Structure formats: structure tokens, C-alpha cells
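> got a sequence here, can you build the structure:
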Amino acid sequence: MGKRKIEMKLVKDNSSKQITFSKRRNGLFKKANEIATLCGVEVAVVTFSPGGKPFSYGHPDVETIVNRFLNQQPNPTQDDHHDGNRTAMAEKLSQEFTDLQLQLEVEKKRGKMIAKENKKEKDLLLGGQASICELSLEELEKLKESLEKLGEKVKEQINDKEVSSTLLLLSGKPI
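Residues are numbered from 1 along each chain as shown. This next block holds a predicted model:
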């Protein structure tokens, strides 16, 4: 069952009114949070329940926004503070990024050196008398495939020899 359209009129039943208020209040606060997050604005919402209990949501906080609204002045001190924090944070993140880039380069070089050493060791092992226990799974699978192909070739050669032998016997000529 989908949502049905609710007629906009005063809810008369106190229990239903409280439930409606609670659900709608949460939705209202959620929307206020979304606009603050998406647009980077300051938001304040103050509402009173049917029972007279106050509820509020504010970003960054209700008191600051209400004072700013009542004074009708921008809050330059806070804006400067935010800009200073943003600049300091940007510098810190930039430094961390640079450090991580350097660390990444060092690790890449280290990885290349390790890969070269591994290749040298495998070349020595496979070029000489490599132990089957020292092969990787991929190398073992390639070895298995090669041995299967070799086995097929051996069977073909045996079959060819048997056919040749049979033909020679049938022709009556000695082998």
C-alpha cells in the first residue's frame, strides 16, 4: 500500500495530533539538516508540541542563529574563525597529502626492488633444478597443463608406434 494524500486540516484527536506532530517534527528537522549540509547555511527551527513542550534544531546551534537574527547583523567573528579553521585545515591536509605521496613513491620503489629480487630467485630456481614445493599456485597450474600436454603427445606417439607395428605385422614383413 502506497502513501495516501492527507487532507491539510487540523487533527482533532489529541492522540493522533501528538503522533502527527512527532512524525512531522522529525521530518522538518531532517529537512533543516539537509539544507544546512547541502547549502552550507545556518538554520534554526523552533516548534512547540500540542502539549506546549518546546523542540528546536539549529546548525550550528539555535542560540547563535536567534541572536544573529534578533541583532540583524552578520557574524563576522565567527565567519573569520571558520575561514581561519578552513585555511589551517587545508594546509594540514595538503601537507598530509604531500607526505603520503612521498611515502607512496618510496613504497613503489621498494615494491619494484622486491619484485626484481623475486624474479631473480625464480629464474635461478626454474633455470636450475627448482623444487616443486617452491613453485607458486600459478606456476604449478602451468606445470600441470604442460605435463598433461606432454602426456597426450606421448600417448599419440605410442599409438602411432602401435599402428605402425600392427601394419608391419599385417603386411608380413619382419620388424
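> run through the strands of the protein in chain order.
For the chain, the strands defined by DSSP state E cover 43-48, 54-59.
> would CSV of the ones you listed with mean pLDDT, mean neighbour count and distance to residue 72 be doable?
To be clear about C-beta, it is placed using only N, CA and C from the backbone, and glycine gets the same treatment. Shown next, in CSV, are the strands of the chain (pLDDT from 0 to 100; neighbours: other C-beta atoms under 10 Å; distance: least, C-beta to C-beta, whole Å):
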stretch, mean pLDDT, mean neighbour count, distance to residue 72
strand 43-48, 93, 15, 14
strand 54-59, 92, 16, 18
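> of all those, which one is nearest residue 66?
Proximity to residue 66, assessed across the strands of the chain by C-beta to C-beta, is greatest for strand 43-48 (6.0 Å).
> and that closest one, how far out from the chain's middle?
Relative to its chain's centre, strand 43-48 lies at 37 Å (C-alpha atoms, centre = their mean, to the nearest Å).
> can you give the strand pairings for it, parallel or anti for each?
The strands beside strand 43-48 in its sheet (DSSP bridges) come out as strand 54-59 (antiparallel).
> what comes into contact with the partner strand?
25, 28-29, 32-33, 36, 42-49, 62, 64-65 (C-beta atoms under 8 Å, 6 or more residues apart in numbering).
> now do 10 Å
With contact meaning C-beta atoms under 10 Å, 6 or more residues apart in numbering, strand 54-59 is reached by 21-22, 25-26, 28-33, 35-37, 40-49, 62-66.
> before we move on, the earlier item: in CSV, list the strands of the chain along with distance to residue 150.
Converted to CSV, the strands of the chain look like this (distance: least, C-beta to C-beta, whole Å):
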stretch, distance to residue 150
strand 43-48, 76
strand 54-59, 73
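> can you say which of the contacts of strand 54-59 are buried?
21, 29, 32, 36, 42, 43, 44, 45, 65 (16 or more other C-beta atoms under 10 Å).
> which residue, other than its chain neighbours, is closest to the fourth one?
Counting by C-beta to C-beta, 6 or more residues apart in numbering, residue 36 lies nearest to residue 59, which is 3.9 Å off, once chain neighbours are set aside.
> what separation do you get for residue 40 and residue 59?
As for residue 40, its distance to residue 59 is 10 Å (criterion: C-beta to C-beta, to the nearest Å).
> sorry, slip of the keys, the one I care about is residue 162.
Noted for residue 162: a distance of 89 Å to residue 59, by C-beta to C-beta.
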